[in-house]
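Chemist: compute the structure for the input listed below.
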Amino acid sequence: MIGILVDHNIEGQAALLWSALLAEGWLDLIPLRLVRFADAGIAHNSPDRVVWRAAQDQHLLLLTANRNMQGEDSLERTIREDNRHIVSHHYD
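Modeler: Here you go, the predicted model:
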């Protein structure tokens, strides 16, 4: 089953998307589950780095609309740094 971590600021939009997927029968074909921050043990005001790492640790896809590359703990910066570490570790 694929878990989708829904950023706290788009829970309403995610509910609409989920309703559409259900109505069209997609959830019968693809096993998905929506996970809210509270369900994943993440505070709604957590920095991007914490959110990304929690999603990775729990094997969840992150659905978000407000993350960026501004600051030390930004989502884009975290992903770039983590990917660089994984790639360099893989080739060591």
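
Chemist: grab the most central residue of this protein for me.
Modeler: Closest residue to the average C-alpha location of the chain: Leu62 at 1.5 Å, with CA atoms, centre = their mean.

Chemist: need the pLDDT of the nearest residue to Ile30 once chain neighbours are set aside.
Modeler: Excluding the flanking residues, the one nearest Ile30 by CB to CB, 6 or more residues apart in numbering is Ile2, at 7.0 Å. Any C-beta I mention is one placed from the backbone N, CA and C, and that applies to glycine too. On the pLDDT scale, Ile2 is placed at 95.

Chemist: and Ile2, how far from Val35?
Modeler: Note on Ile2: its distance to Val35, by CB to CB, to the nearest Å, is 10 Å.

Chemist: which of the two has more neighbours?
Modeler: Higher neighbour count among Ile2 and Val35: Val35, with 20 against 10, using other CB atoms under 10 Å.

Chemist: residues contacting the residue nearest to Ile30?
Modeler: Ile30, Pro31, Leu32, Arg33, Leu61 (CB atoms under 8 Å, 6 or more residues apart in numbering).
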